[in-house]
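Colleague: A structural model of the following input is requested.
(chains A and B)
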Amino acid sequence: MLPCVLRSARPAVQTLAFTRQTAQFRPQMASDRPVETTVRAKLTAALEPAHLEVINESHMHAVPPGSESHFRVVVVSSRFEGLSLLQRHRLVNETLREELSNSIHALAIQAKTPEQWENNPSLAKSPPCMGGSKHDNTVADKLKAGQH
Amino acid sequence: MNTLVRSAVRCLRVDNVCRTGRADGQVFTSARLLCAAAGQRDFAEMVKKDKVVVFMKGTPAQPMCGFSNAVVQILRMHGVDEYAAYNVLDDQDLRQGVKAFSNWPTIPQVFFNGEFVGGCDILLQMHQNGDLVEELRKLGIRSALLDAEKSK
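Modeller: All right, here's what the predicted structure looks like:
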């Protein structure tokens, strides 16, 4: 487990490349991914990011295929200048308040200023799932909510 | 003293709180927890009782979530072995209550000296940029990593 935590400090270049490729060539429409689409739209409108990545990590967790329950976002915005980590994360949480209470079960956040991103443009890696969602009624509820 | 012991025994059977630390500390705090469980949870008190408080999925011995586990591992790396860990999977009121209390939508949640620090991402970044060592020092906890550095 420890190596996983430490590995996230190093750029996961291969993972990033693979994710980006599949994202580009996926034939699905945006309507197939309503939560992801909304997250992207809301973060763009609220934070005017220089760089934004919205990654659905649900497949890494104990939820059915096609779920939109677990996300990782990378938000690079000058709006974060002068804000502590906690303040930045709260800003992202506030922007996605509705999604977080209805559909999203887990949200991993990287919130950087453009300068910080330039110095270290790396996507952190989420730790391996330990199966919590399997025994979790609230996740099932959220997945149902997301299907509307 | 007898009532305290009896309360502790009752409380230890309720496995939603994992308390690390010495046995005498365990008895006293378990008794207090029993009183809290009877009525409304007093989160303000819960997060101030111990220097380091974690709301997580599972227990430090057996985390049920990768993000919660990451928090446990980071604390362990810094030699923080004495902290209060509350398992939200055992108690929906606890789970919803702490989210409302801290105005934070996800678990795990970490508190230092009663103050909300953040979740897994924030703790990890604090660990990576050295802030965690400093924050622990402010709590009067010497990070094990400092000793690891010295022995190099």
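Colleague: Which parts of chain A are strands?
Modeller: For chain A, the strands defined by DSSP state E occupy A:51-56, A:70-76, A:106-112.
Colleague: Near chain A, which residues of chain B are found?
Modeller: B:57-58, B:63-70, B:73-74, B:77, B:89, B:92, B:95, B:103-106, B:116-122, B:124-126, B:128 (CB under 8 Å from any CB of the partner chain). Using the backbone N, CA and C atoms, a C-beta is placed for each residue, glycine as well.
Colleague: what do you get if the cut-off is 7 Å, keeping everything else the same?
Modeller: Residues of chain B lying near chain A by CB under 7 Å from any CB of the partner chain: B:57-58, B:63-67, B:69-70, B:73-74, B:89, B:104-106, B:118, B:121-122, B:124-125, B:128.
Colleague: hang on, the earlier thing: out of the strands of chain A, nearest to chain B?
Modeller: strand A:106-112 (5.3 Å; CB to the nearest CB).
Colleague: Next up, the contacts around residue A:141.
Modeller: Residue A:141 sits next to no residue when contact means CB atoms under 7 Å, 6 or more residues apart in numbering or on different chains.
Colleague: Tell me how far it lies from residue A:133.
Modeller: According to CB to CB, to the nearest Å, residue A:141 and residue A:133 sit 12 Å apart.
Colleague: now the helices for chain A?
Modeller: Under the criterion DSSP state H, chain A contains helices at A:2-7, A:13-25, A:34-47, A:85-95, A:97-102, A:114-119, A:137-146.
Colleague: err, chain B, not the other one
Modeller: Using DSSP H, helices in chain B cover B:2-13, B:23-38, B:43-49, B:66-77, B:92-102, B:120-129, B:131-138, B:144-150.
Colleague: hey, least reliable of the ones you listed by pLDDT?
Modeller: Ranked by mean pLDDT, those bottom out at helix B:23-38, which scores a mean of 44.
Colleague: Nearest the geometric middle of chain A, what residue?
Modeller: Closest to where the C-alpha atoms of chain A average out (CA atoms, centre = their mean) is residue A:72, at 1.8 Å.
Colleague: Quick check: that residue touching residue A:55?
Modeller: Yes: at 4.5 Å, residue A:72 counts as touching residue A:55 under the criterion of CB atoms under 7 Å.
Colleague: tally of neighbours for the closest residue to residue A:81 other than its chain neighbours?
Modeller: Computed as CB to CB, 6 or more residues apart in numbering or on different chains, the closest residue to residue A:81 that is not its neighbour in sequence is residue A:113, at 5.3 Å. Neighbour count for residue A:113, taken as other CB atoms under 10 Å in any protein chain shown: 18.
Colleague: thinking residue A:113 is in contact with residue A:83, fair?
Modeller: No: if you go by CB under 7 Å, residue A:113 and residue A:83 don't touch, sitting 8.8 Å apart.
Colleague: Now do the shared contacts for the two.
Modeller: What both residue A:113 and residue A:83 touch, as defined by CB under 7 Å, 6+ apart, is an empty set.
Colleague: which ones are touching residue A:93?
Modeller: Contacts of residue A:93 (CB under 7 Å, 6+ apart): A:100, B:104-105.
Colleague: any idea how far residue A:135 is from it?
Modeller: For residue A:93 relative to residue A:135 (CB to CB), the value is 25 Å.
Colleague: so what's the backbone phi/psi at residue B:142?
Modeller: Main-chain torsions, residue B:142, degrees, to the nearest 10: phi -90, psi 120.
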